[in-house]
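**Q** what's the 3D shape of this:
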Amino acid sequence: MCRALENEARYDTPDRHGETRRDRNERFGVDSPRIRPPEIGGYLWRWFAEMSRVRRKEQGIPQRLQPSEMQSWASITGTLIRPEEYQVLMEMDAAFINELHAEIGAQWARERQEQENRNG
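**A** Numbers count the residues shown, from 1 in each chain. Predicted structure coming up:
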């Protein structure tokens with residue numbers, strides 16, 4: 001499940017122009033892998049997606065889900081999260097955020113390089 005989230009963060013995060021790495025790869029004829037989450041954990045994938053919609057951002061950059069945010073979500077939705085599910089959700093979040101932040105950093109580096117190339 002974590003690999004699917006890392007893949008999503010890496011290939012489907014739009015840059016400031018709305019273009020994703022998947023879009024760029026397609027433009028240049030390069031394949032981008034699609035990793036599907038395992039069906040057995042589908043409900044965790046849905047929970048994670050719901051929680052992620054309201055995650056905190058700093059300067060527009062998504063931050064890790066906090067335990068209190070998960071607890072609030074569970075309370076509001078009436079969902080009982082077992083300890084082992086909580087652990088999986090935290091691992092999913094760490095994988096997603098780590099890869100997302102790496103992708104955003106790569107986008108910024110490309111933009112800086114483009115700017116330097118234009119300036120000269």
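**Q** Only C-alpha atoms from now on, for both contacts and neighbour counts.
**A** Fine.
**Q** Quick check: the gap between E99 and C2.
**A** Here E99 is placed at a distance of 10 Å from C2 (C-alpha to C-alpha, to the nearest Å).
**Q** What of W108?
**A** Between W108 and C2 the computed distance is 24 Å (C-alpha to C-alpha).
**Q** Comparing those two, which residue is more hemmed in?
**A** Neighbours around W108 and C2, counted as other C-alpha atoms under 10 Å, are more numerous at C2. The numbers are 18 against 14.
**Q** Next, L65: secondary structure please.
**A** coil (DSSP: H, G, I helix; E, B strand; the rest coil).
**Q** residues in contact with it?
**A** The neighbours of L65, taking C-alpha atoms under 8 Å, 6 or more residues apart in numbering as the test, are M51, S52, R55, R56, M90, D93.
**Q** Throw those residues into TSV and include secondary structure and neighbour count, thanks.
**A** Putting these into TSV (DSSP: H, G, I helix; E, B strand; the rest coil; neighbours: other C-alpha atoms under 10 Å) gives the following:
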residue	secondary structure	neighbour count
M51	helix	18
S52	helix	17
R55	coil	16
R56	coil	15
M90	helix	18
D93	helix	22
